[in-house]
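Colleague: generate a structure from the sequence data that follows.
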Amino acid sequence: SDLTYVNKLHQNAEHFKSIIRASSLINTKKQSMIKAVDYYISKFNNVVAIEKEVGLTASSGIRGQMQAAFRALEPKYHNIKKTLHNLILDSHAQAVQTLFILVFLSVLLSLLLSWFIMRAILKPIRQLRESAVRYGEGDMDISFDISSKDEIGALGKSLTQMKSNLQDLANENEKQVWVK
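Modeller: The predicted structure follows:
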């Protein structure tokens, strides 16, 4: 019937507009396409209203020709709908792939950065440990100099001060032994 066909056309137009809105096209393209659909629907509604006034049916006059034209365009509409759907799926797949690549690169960069930070922290600690071991083994010429200005550098200065104090005590004890 005429009303069924008009309702189906409106439903298809709304569905087509929702596909356009969900697509990955830029907003200006989307708006332009939606305006075109709305324009053609409004023109179709005008023709339907005029034909009702005149008393034409779906199979007569220009309306019959328009319905035949719309029936001919319906497969093209479904092809366009399918193409847009595939474009949306493709853009979604690309977005997911890009996201995975970015996450992988972020993790890799984080690991590399952690490794460099760990090396920067552990290198002076190892130097201090090795110097302390050598000092404990009797190497009195060892140096605890660490060039950093953080807590590790402060620890190196404290160890140097401790070494100096121990040497002063040892020298003092040695002098007392000679004096006695």
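Colleague: and the helices in the chain?
Modeller: 2-22, 27-54, 61-136, 151-179 (DSSP state H).
Colleague: can you list the ones you listed in a markdown table and add mean pLDDT and distance to Ser143?
Modeller: The C-beta positions use only the backbone N, C-alpha and C, and glycine is treated the same way. Formatted as a markdown table, the helices of the chain follow (pLDDT from 0 to 100; distance: least, C-beta to C-beta, whole Å):
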| stretch | mean pLDDT | distance to Ser143 |
| --- | --- | --- |
| helix 2-22 | 86 | 69 |
| helix 27-54 | 87 | 67 |
| helix 61-136 | 87 | 7 |
| helix 151-179 | 83 | 7 |
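Colleague: how about these in a markdown table, adding mean neighbour count and distance to Phe144?
Modeller: Shown next, in a markdown table, are the helices of the chain (neighbours: other C-beta atoms under 10 Å; distance: least, C-beta to C-beta, whole Å):
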| stretch | mean neighbour count | distance to Phe144 |
| --- | --- | --- |
| helix 2-22 | 14 | 67 |
| helix 27-54 | 13 | 65 |
| helix 61-136 | 12 | 5 |
| helix 151-179 | 12 | 4 |
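Colleague: who's in contact with Asp38?
Modeller: By C-beta atoms under 8 Å, 6 or more residues apart in numbering, the residues touching Asp38 are 13, 17.
Colleague: how close does Asp141 get to Trp178?
Modeller: 23 Å (C-beta to C-beta, to the nearest Å).
Colleague: and for Ser24?
Modeller: Counting by C-beta to C-beta, the gap from Ser24 to Trp178 is 91 Å.
Colleague: likewise for Ile50?
Modeller: Distance from Ile50 to Trp178, by C-beta to C-beta: 128 Å.
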